[in-house]
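A.B. asks: Here is my input; please provide its structure:
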Amino acid sequence: MKKTLLALGMAATLGTGLIPAAQASATDSSAAQASASGRWQLVDTSSDINGDGTIDGVSLRKKSDKVCQVKVSFGPGDTVQRSLHSSWGNPCRYAGSALFDPRKGAEIKVMTGMGAHTPWDHILTYRDGKLQFQKDADGKRWTIDATVMYTEGYKRVVNRNGKVRLRHDFVNRKDNGVWKGTRKVLAYEHGKWVQVSKSRITRTTKQANALGGWHVRGFKRWM
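C.D. replies: Residues are numbered from 1 along each chain as shown. Model (predicted):
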């Protein structure tokens, strides 16, 4: 019998671990934002967080104005959780999961801050029995942006040698309408992202617009 979304949600919440990750379906998008009530909200039943080949349940709750919490259920009585702190508001929005680094298991992205037009994201990965932060190569939270004056974004690529790389592009619009900036290439080494190259880039307006946001399958581009 075909599994219903409710059954998938129950399996993920209870952590039965019986449903192959490839066969799972995501929860309704209305669950992507944690309510202000502080109750746990199931936001994903399509992701294999620990890399064992079965789906896990990802839940979110807004504990306070400055704390967003993430919980992952793997099996009966087998859960992990992590608190995410923010000083720039606390949207506490689930922004997807993706095979982000080269290791098994999907990473979790949560928007935990929002400026005038700049979202701040936390990215979590499961390592050594707990949820750990993945940070940008500069050691900060991840940011993207798109305005009439500058654009910022990330793109996951696989190079000719089969190695996963992350491109970080940041460009500014100049007086002549040309956009100029930098491209940093990051590699995942020894459990963290490190910068392996940096170059100058020039783009047209159309090309610059295409750079903005997240370009990682499974992560929402904007949120």
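A.B. asks: Identify the residue nearest S47 in space, chain neighbours excluded?
C.D. replies: S97 (4.0 Å; C-beta to C-beta, 6 or more residues apart in numbering). Quick note: C-beta positions are derived from backbone N, CA and C, even for glycine.
A.B. asks: got it, and G218?
C.D. replies: Using C-beta to C-beta, 6+ apart, the nearest residue to G218 is A98, at 3.2 Å.
A.B. asks: which regions of this structure lie under the pLDDT threshold?
C.D. replies: 1-31, 35-37 (pLDDT under 70).
A.B. asks: Could you pull out the helices in it for me?
C.D. replies: Per DSSP state H, the chain carries helices over the ranges 5-14, 205-211.
A.B. asks: so how many other residues sit close to V157?
C.D. replies: 12 (other C-beta atoms under 10 Å).
A.B. asks: what's near enough to touch it?
C.D. replies: Going by C-beta atoms under 8 Å, 6 or more residues apart in numbering, V157 touches V164, R165, L166, R167.
A.B. asks: Check V171 too.
C.D. replies: For V171, the contacting residues are Y150, T151, W179, K180, G181, T182, I201, R203, A208, L211, by C-beta under 8 Å, 6+ apart.
A.B. asks: Name the nearest residue to W120, ignoring sequence neighbours.
C.D. replies: W120 sits nearest to G113 (C-beta to C-beta, 6+ apart), 3.4 Å away.
A.B. asks: Tell me the bridge partners for the residue nearest to the spatial centre of the chain.
C.D. replies: Using C-alpha atoms, centre = their mean, the residue of the chain that lies closest to the mean C-alpha position is K109, 2.4 Å off. K109 has these beta-bridge partners by DSSP bridges: I123.
A.B. asks: The residue nearest to W214 when sequence neighbours are not counted: neighbour count?
C.D. replies: Among residues not flanking W214 along the chain, R221 sits closest, at 5.2 Å (C-beta to C-beta, 6+ apart). Counted with other C-beta under 10 Å, the neighbours of R221 add up to 13.
A.B. asks: Distance-wise, check R221 relative to T79.
C.D. replies: Distance, R221 to T79, by C-beta to C-beta, to the nearest Å: 30 Å.
A.B. asks: Now neighbour count and distance to K66 too, for the contacts of V171, in JSON lines please.
C.D. replies: Below are those laid out as JSON lines (neighbours: other C-beta atoms under 10 Å; distance: C-beta to C-beta, whole Å):
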{"residue": "Y150", "neighbour count": "15", "distance to K66": "28"}
{"residue": "T151", "neighbour count": "25", "distance to K66": "29"}
{"residue": "W179", "neighbour count": "22", "distance to K66": "35"}
{"residue": "K180", "neighbour count": "14", "distance to K66": "37"}
{"residue": "G181", "neighbour count": "19", "distance to K66": "32"}
{"residue": "T182", "neighbour count": "13", "distance to K66": "32"}
{"residue": "I201", "neighbour count": "16", "distance to K66": "36"}
{"residue": "R203", "neighbour count": "19", "distance to K66": "37"}
{"residue": "A208", "neighbour count": "23", "distance to K66": "34"}
{"residue": "L211", "neighbour count": "24", "distance to K66": "31"}
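A.B. asks: coming back round to it: burial count for the residue nearest to G218?
C.D. replies: Using other C-beta under 10 Å, A98 is surrounded by 19 other residues.
A.B. asks: For beta bridges, what are the partners of it?
C.D. replies: For A98, the beta-bridge partners under DSSP bridges are E107.
A.B. asks: Before I go, just wanted to say thanks for your time.
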